[in-house]
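A.B. asks: When you get a sec, could you give me coordinates for this:
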Amino acid sequence: MDVNQSDSTAQPEQAAHKVATEKLSILVVSGRSGSGKPSVLNILEDLGYYSIDNLPLSLLPVTAHKLVNESDIRRIALGVDIRTPRADLSNFAETYASLKAIYGASVVKVVYVTAQENTLIARFNATRRVHPLMSQDVDSDNARHIAFNLPAAIKKEIELLEPIASHADIRIDTSTLNIHQLKDRLREHIGVDNQIVINLLSFGFKYGSPIDADFIFDVRILPNPHWNPELRGSTGLDAEVAAFFADYPEVAEMTDDLEKFLTRWLPDFLHNNRHTVTVAIGCTGGKHRSVFITNTLQRRLTDTMPKGVKILAKHREKNRW
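C.D. replies: Below you'll find the model as predicted:
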């Protein structure tokens, strides 16, 4: 991302008016080292947020401006932690007030992630990570370097992050949470429903099976338009191929059976912390049968799947047609 310091003072007064008619969410994500801030940012990214970690606090206003006004991004998560310059931390109240004045108090929220001290110590010991304050820190009052042990670093960090923690709109203690519980807690706080993308992928077995598919269905037992010279140049997207398949009830039966299976089981992935599922449908060349059934299922499932399930149709062999 290209950001220029001079832009930080050039934010248009119309910013609040531009976003007022569209749902906008700007989350400043911070917290104690070892409490799970990177996990929170990753989860928010899965939930549709544009996430940036380890951003200098002074760059929050200009970054938000560029993402909202120049890129029209509506969900933003900006990670700030102890690594930001100390002068920025002491000015957090002013930065936060500025963002709220521009975008609205209901839009800008601070998410603060924490954990109990004994939990943090156990996590650092288990991962053999070094706390950011354990190498060297600067005592600005006395202009000297201080080396902290782990418990002292954890306590010092609480003090340094207090300007952010005191403004927290959402505070999450991860001491007893696993990653799935953390995701559920975040969704409850920010009001974002879980979403999952279903990729329906047609392919040709002669070019190899897709190794990243969650389900693979073989439709090569169905009548093949390839053997009709008039249809050989057509694809499963064409009306004449659809008319060909209409004469064979087994094509409709296969499509109905696949729809029934997918309608029954795909919604369950919404509650299983999955974000994408790939359903591959293969015929010999990936041009007629698999393409027709993939597109038919995409239309049907789009109408029947619950909110939060997005259905996409892709054709792997399209460049071979």
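
A.B. asks: which SSE is Ala313 in?
C.D. replies: In this structure, Ala313 sits in strand 309-315 according to DSSP states H and E.

A.B. asks: which outside residues touch that strand?
C.D. replies: Outside strand 309-315, the residues that touch it by Cβ atoms under 8 Å, 6 or more residues apart in numbering are 195-202, 266-267, 270, 286, 291, 294-295, 297-298, 301-302, 305. Glycine gets a C-beta too; all of them are placed from N, C-alpha and C.

A.B. asks: List the contacts of stretch 240-249.
C.D. replies: The contact list for stretch 240-249 (Cβ under 8 Å, 6+ apart) reads 222-223, 225, 228, 230-231, 234-236, 251-252, 288-289, 292.

A.B. asks: thinking again about what came up before, now the buried members of the contacts of strand 309-315.
C.D. replies: 196, 198-202, 266-267, 270, 286, 291, 294-295, 297-298, 301, 305 (16 or more other Cβ atoms under 10 Å).

A.B. asks: who touches stretch 123-130?
C.D. replies: With Cβ under 8 Å, 6+ apart as the test, stretch 123-130 has contacts from 34, 115, 131, 150.

A.B. asks: Could you identify the helix or strand that succeeds the lowest-mean-pLDDT helix or strand in the chain?
C.D. replies: Least confident helix or strand of the chain, by mean pLDDT, DSSP states H and E, is helix 15-20 with a mean of 42. Next helix or strand after helix 15-20 toward the C-terminus (DSSP H and E): strand 25-31.

A.B. asks: now that following strand: how far from the chain's centre is it?
C.D. replies: 15 Å (Cα atoms, centre = their mean, to the nearest Å).

A.B. asks: Please apply the same query to stretch 75-89.
C.D. replies: Averaging C-alpha positions (Cα atoms, centre = their mean) puts stretch 75-89 20 Å from its chain's average.

A.B. asks: Next: stretch 57-73.
C.D. replies: Its chain's average C-alpha position is 19 Å from that of stretch 57-73, according to Cα atoms, centre = their mean.

A.B. asks: What residues sit buried inside that stretch?
C.D. replies: 57-69.

A.B. asks: out of the residues you listed, who's nearest Leu161?
C.D. replies: Relative to Leu161, the closest of the buried residues of stretch 57-73 is Leu57; by Cβ to Cβ it sits at 11.1 Å.

A.B. asks: And for the residue nearest to the closest one when sequence neighbours are not counted, the neighbour number?
C.D. replies: Distances taken as Cβ to Cβ, 6 or more residues apart in numbering place Asp88 nearest to Leu57, at 3.5 Å, with adjacent residues excluded. Neighbours of Asp88 under the rule other Cβ atoms under 10 Å: 17.

A.B. asks: Could you list every helix and strand in contact with the helix or strand hosting Asp88?
C.D. replies: Taking DSSP H and E as the definition, Asp88 sits inside helix 86-90. Helix 86-90 sits against helix 150-165, with contacts defined as 3 or more Cβ pairs under 8 Å, 6 or more residues apart in numbering; DSSP states H and E.

A.B. asks: if we can go back for a sec, what's the spacing between the strand holding Ala313 and its chain's center?
C.D. replies: What separates the centre of strand 309-315 from the centre of its chain is 17 Å, taken as Cα atoms, centre = their mean.
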